[in-house]
Every structure is written in structure tokens, then in C-alpha cells.
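[1] Just need the structure, nothing else, for what follows:
(one chain, ligands or ions: 2)
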Amino acid sequence: MLVLGIESSCDETGVALFDQAENRLLAHTLHTQMAMHADYGGVVPELASRDHIRRLVPLTEECLQAAGKSYDAIDAIGYTQGPGLGGALLAGAAFANALGFALDKPVIAVHHLEGHLLSPFLSESAIRFPFVALLVSGGHTQLMAVRAVGEYELLGESVDDAAGEAFDKTAKLLGLPYPGGAKLSQLAEQGEAGRFDLPRPMLHSGDLNMSFSGLKTAVLTEVNRLRATHGDTLPESLRNDLCRAFQDAVVDVLFTKARAALHSTGLKQLVVAGGVGANRALRARLKTLPAEVYFPTAEWCTDNGAMIAYAAAQRLAQAQPAGGFTVKPRWAL
Ligand code: KG4
Ligand code: ZN
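    Residues are numbered from 1 along each chain as shown. Ligands and ions are numbered 1, 2, ... in the order given. As a prediction, the model looks like this:
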């Protein structure tokens, strides 16, 4: 069974071909629109949709060619049905459904977060159900108990900004180019710890929920205070120390809540997924937990077609191919 996966929920067009019988990714192609949106300081939905429309066919043909397969070899097509940008999702949904219709093959609607949740399986064969998943992306920060494919229990989540969103917004207010999350974390590595005392909102809330928007505001307050003495351009060392303080606070909260989630569920494995999972400080800290901790390789942390092809293949294996030509911009897992 060869499953084609299509991802188009935000600013990456991803296509992948997964061999279900061999449990192996045959090929994948990806185009990121990051440079296109950088001029605007954030994703422009209409531009994103147009770019997905332009890229989907060439990326699919490139992917098939890399795998040495033709369209006829495809047995099923998985696509991201949501959550995400409506127009961007529609581009992928239309393409996947048209292809399914033309080839007379099943079309499987995939939840984007399920793709992220299962993505560590693409690079790690030791993970076994059940486990706790820490999903930290640009749009979501959630702790889940994952008992099987399709059996996900939400343990806690961010009540406001997602961790990645907080990284990006904080980077923006520090004058870093979009999307600044990764850049901020690089600068943090050059910064000195303990130079700024930033809050850890909801650290002791007694539940597994988190909050990151107050942290961003605290950075803004510091920046305004520093600008009063140093002018608009902060000295590099101060900026790096501030990046470090911000990152340390986020890592502290994610670490503490992940530890509590392992404790309350009694589970012994933690699987980290989503773009913020690429953060080195977070990885190092989580590795100190008394649990098996798994991270997807950096390649599978951010949006890609492989995780969608993989999730679709798992659904197919369980005979759960829920398809249909629709999109769900807002969709709880
Ligand atoms: O999973 P993803 O592609 O986003 C969504 O599907 O929403 O992850 C993108 C997010 C962005 O917010 C980006 O700034 C953040 O992940 N990110 C990082 C790092 N690399 C990417 N945040 C912190 N440290 C990093 N090294
Ligand atoms: Zn994502």
C-alpha cells in the first residue's frame, strides 16, 4: 500500500510517499514559504493559498519521481483537513480529492496535530503506546496521553499563546526577522542566564495548563525599560541575555508541566513533537526527566508531508479512512 500525504495547512507545502507494508518513507518534497512571508512579518493567508496552488502538482511529481513511482502506484491519499488557514487547506483538499477521484483511490482526511503527534515514529522505532506527548508548535501547546492511534486524551494546554507563537512574537518585539523563534533560541545560547527575572505563568496552577502571553508582555516591559536608557537599538549582549531569560522561562514551564503529566498518568515515555521540539535547550532539559524521551529529527519537527502520509497510513491500517472534500480550519483533536 503506497500512501501519498499532502500538507498545506499553513506556510509549507509538503508531499510524501509512504510504503505502509514496509513501514518506510519512500520520498518526500517540501517547499517553505518563509522567505515570501518574511517581508510582511507574518503569514499572509491569501499569498499562502496561491503558493500552495502553484506548488502542489510540481512537488507531487518530484516526489513520485524521487520514489521511482508513477501516479498509478498510489493506493490512497491522505491530506491535512485542518486545523489551519482555510484557503491553504482548501488548496491541498482540492488537489487530494481530485487525485483520489481521478485514480479511483480512497482519500483520508488527517488532523494536522495527529500528524505531529505521530511524526516521531518516522525516525524512531523504539516508541511504544501508551506515552505522553508534548506537542509544541506555532499554533498549539498541548500535553496528551496517547494510548493508540486515534486514542488521544488532552491532559493540558496553553490557555493563550502557543509556545512557538510566544517565541515568534517575542522575537518580533526584539526586532528579529520573521519567523524569529529559531533565531531567538540561537541568540539565547549566547546569552547569560539569570540576568533578567521573568515570570513563569501558571507554573504552580495545580493543573497541566500553561500560559505564555504574559511572558511576552514581561519581555516587552523589560525592552521598554532598557530602551529608556540605551535607545532603540539594544546592546547585543543585553538582547541575548533577554532571549536567554525568555527561553529559560518557557523551557521551565514546559519541563515542569511535562514532568507533572508523566507523574499523573504514570506513563514512562515522553514524545515531543512540533516545531519548538527543535529547541536545543528544551531538548537538553527534557532529557533529564526520569523517562524515555523521544524527539522527532529536526526535519520532522516542522510541517511536512511525511507525517500526514504516515498518519493516513495508520488510519488506513485500522480501516478508518474518513475522507470527504471539506476543510476544518478550527478542529479539536
Ligand atoms: O510545528 P510548526 O511547523 O508549526 C505549526 O504547525 O504551527 O512549528 C513552527 C514553530 C514556529 O513558531 C517557530 O518559531 C518554532 O516552531 N520554532 C522554534 C525553534 N524552531 C522552530 N522555537 C524555538 N526554538 C527553536 N529552535
Ligand atoms: Zn504544524
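[2] which other helices and strands contact the longest helix anywhere in the chain?
    Taking DSSP state H as the criterion, the chain has its longest helix at helix 236-265. If you count contacts as 3 or more C-beta pairs under 8 Å, 6 or more residues apart in numbering; DSSP states H and E, helix 236-265 packs onto strand 131-136, strand 141-148, strand 151-157, helix 163-173, helix 181-190, helix 213-230, strand 269-273, helix 280-286. Using the backbone N, CA and C atoms, a C-beta is placed for each residue, glycine as well.
[3] got a list of what the nearest residue to S213 once chain neighbours are set aside touches?
    Spatial nearest neighbour of S213, chain neighbours left out: D160 (4.0 Å); criterion: C-beta to C-beta, 6 or more residues apart in numbering. Listed by C-beta atoms under 8 Å, 6 or more residues apart in numbering, the contact partners of D160 are 211-214.
[4] what two of those have the greatest distance between them?
    Greatest spatial distance among the contacts of D160 (C-beta to C-beta): F212 and G214, at 7.4 Å.
[5] Can you check which residues contact both of these two?
    Counting by C-beta under 8 Å, 6+ apart, the shared contacts of F212 and G214 are 160, 201.
[6] So is the longest helix of the chain next to ligand 1?
    No - using C-beta under 6 Å from any ligand atom, helix 236-265 stays clear of ligand 1, with a minimum separation of 7.6 Å.
[7] and the angle for that helix with helix 213-230?
    170 degrees (axes from the mean of the first three to the mean of the last three C-alpha atoms, to 10 degrees).
[8] how big is the angle separating helix 236-265 from helix 181-190?
    Using the same axes, to 10 degrees: helix 236-265 against helix 181-190 is 110 degrees.
[9] most surrounded residue in the contacts of D160?
    Highest neighbour count within these: F212, with 26 neighbours (other C-beta atoms under 10 Å).
[10] what's the neighbour count on the residue in the stretch 101-250 of the chain that ligand 2 sits nearest to?
    In the stretch 101-250 of the chain, the residue that lies nearest ligand 2 is S137 (4.5 Å; C-beta to the ion). When neighbours are defined as other C-beta under 10 Å, S137 has 23 of them.
[11] Apart from its chain neighbours, what residue comes closest to L234?
    According to C-beta to C-beta, 6+ apart, the nearest residue to L234 is L226 (5.7 Å).
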